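Asks: Below is the sequence, then the predicted model.
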Amino acid sequence: MGLEIATTTGSIVGSLTAAYIYSHNLAWIVYVVFGIVILTSIIPTAQRGKYEIPDPRKPDWTTRVFKLYGSYYDDALKMEVKYWGVRWWLGELIMFFAGFISGLLGIGSGA
């Protein structure tokens, strides 16, 4: 839920920024940012799939405060996988940026 709030806030700020950019005839900035976003999206796509399960990390204080832990059964691995949500604050920043880019460019965050 916290990540949704950060993404929504970022998209509102991004759309307001886009309105400002277009009102001042600076559309080329949006084109350059779009090109950079598409080119840099190649990196995580190429790295995806290296590991089935990410390396475990020690829980930090946000994990304990927000109770960001659990487990699930993975059919492909035939085992129960335990996980801990770490660095929640970093996720908030990343999702704000993803929402900002989405609102600025009018694209989905998946791009």
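Replies: Noted; the coordinates are in hand.

Asks: how far away is residue 24 from residue 102?
Replies: 21 Å (CB to CB, to the nearest Å). Glycine gets a C-beta too; all of them are placed from N, C-alpha and C.

Asks: Compare neighbour counts for the two and give me the winner.
Replies: Just comparing residue 24 and residue 102: by other CB atoms under 10 Å the higher neighbour count belongs to residue 102, 21 against 9.

Asks: Now the more buried one: phi and psi?
Replies: Phi and psi for residue 102, reported as degrees, to the nearest 10, are phi -60, psi -40.

Asks: quick one: contacts for it?
Replies: Counting by CB atoms under 8 Å, 6 or more residues apart in numbering, residue 102 makes contact with 7, 10-11, 14, 108-109.

Asks: Model confidence at it, what's the number?
Replies: Reported pLDDT at residue 102 in the predicted model: 90.

Asks: Next secondary structure element downstream of the worst-scoring helix or strand of the chain on mean pLDDT?
Replies: Every helix and strand in the chain was compared by mean pLDDT, DSSP states H and E; the lowest is helix 42-47, with a mean of 78. Toward the C-terminal end, the helix or strand that comes next after helix 42-47 (DSSP states H and E) is helix 61-66.

Asks: helices or strands next to that following helix in the packing?
Replies: With contacts defined as 3 or more CB pairs under 8 Å, 6 or more residues apart in numbering; DSSP states H and E, helix 61-66 has these neighbours: helix 88-105.

Asks: in the helix it packs on, what's buried?
Replies: For helix 88-105, a neighbour-count test (16 or more other CB atoms under 10 Å) marks 88, 91-92, 95-96, 98-105 as buried.

Asks: Kindly state the distance between the middle of that helix and the middle of its chain.
Replies: Distance, stretch centre to chain centre, for helix 88-105: 6 Å (CA atoms, centre = their mean, to the nearest Å).

Asks: which one is residue 16 nearest to, not counting chain neighbours?
Replies: Residue nearest to residue 16 in three dimensions, not counting chain neighbours: residue 103, with 7.8 Å by CB to CB, 6 or more residues apart in numbering.

Asks: Alright, I will stop here.
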